[in-house]
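**Student:** everything below, folded, please.
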Amino acid sequence: MLTLCGQKFEPVWTDFGGGVTRTPEWRQTVNPMGEIPVLEEDGVRLTQTAPILLKLARQYGRFGGDNAGEQFECCAGCSGTITS
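**Tutor:** Next up, the predicted model:
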């Protein structure tokens, strides 16, 4: 999504298949749920896909606000409705 939005970022290779996200170190330092993706920006870490996409849609896409029921379309072409 960041690439499609024309934004620079630093990807971090994660050996998901090798089980790195299930280690105690990962859960303690990156994501307690043991999941990816993780987006960290200016010291704020988001660890769930929906909040990450909503943040990016607001910041770079065609999302105008945060009212319940508002339709949005991100720059990747996906769309959705905010329900809460």
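**Student:** show me what the mean pLDDT comes to for the longest helix anywhere in the chain.
**Tutor:** Looking across the chain with DSSP state H, the single longest helix is helix 49-60. Helix 49-60 comes out with an average pLDDT of 85.
**Student:** cool, stretch 24-43 as well?
**Tutor:** Stretch 24-43 comes out at a mean pLDDT of 92.
**Student:** could you find the residue nearest the spatial middle of this structure?
**Tutor:** I52 (2.5 Å; C-alpha atoms, centre = their mean).
**Student:** unless I'm mixing things up, that one is touching V44, no?
**Tutor:** No. I52 is not in contact with V44 according to C-beta atoms under 8 Å; the separation is 11.1 Å. Any C-beta I mention is one placed from the backbone N, CA and C, and that applies to glycine too.
**Student:** neighbouring contacts of stretch 24-40?
**Tutor:** 14, 16, 20-22, 45-49, 52, 55-56 (C-beta atoms under 8 Å, 6 or more residues apart in numbering).
**Student:** so what's the residue count around the residue lying closest to T49 once chain neighbours are set aside?
**Tutor:** In this structure, T49 finds its nearest non-sequential neighbour in P37, 6.3 Å apart by C-beta to C-beta, 6 or more residues apart in numbering. Using other C-beta atoms under 10 Å, P37 is surrounded by 13 other residues.
**Student:** which of the three states applies to P37?
**Tutor:** At P37 the chain is in coil, as set by DSSP: H, G, I helix; E, B strand; the rest coil.
**Student:** tell me where the chain has strands.
**Tutor:** 39-41, 44-46, 71-73, 79-81 (DSSP state E).
**Student:** the second one pairs with which strands?
**Tutor:** Looking at strand 44-46 with DSSP bridges, its partner strands are strand 39-41 (antiparallel).
**Student:** in the partner strand, what counts as buried?
**Tutor:** Using 16 or more other C-beta atoms under 10 Å as the test for burial, strand 39-41 gives L39.
**Student:** re earlier: and the longest helix of the chain, what does it pack onto?
**Tutor:** The helices and strands touching helix 49-60, judged by 3 or more C-beta pairs under 8 Å, 6 or more residues apart in numbering; DSSP states H and E, are strand 39-41, strand 71-73.
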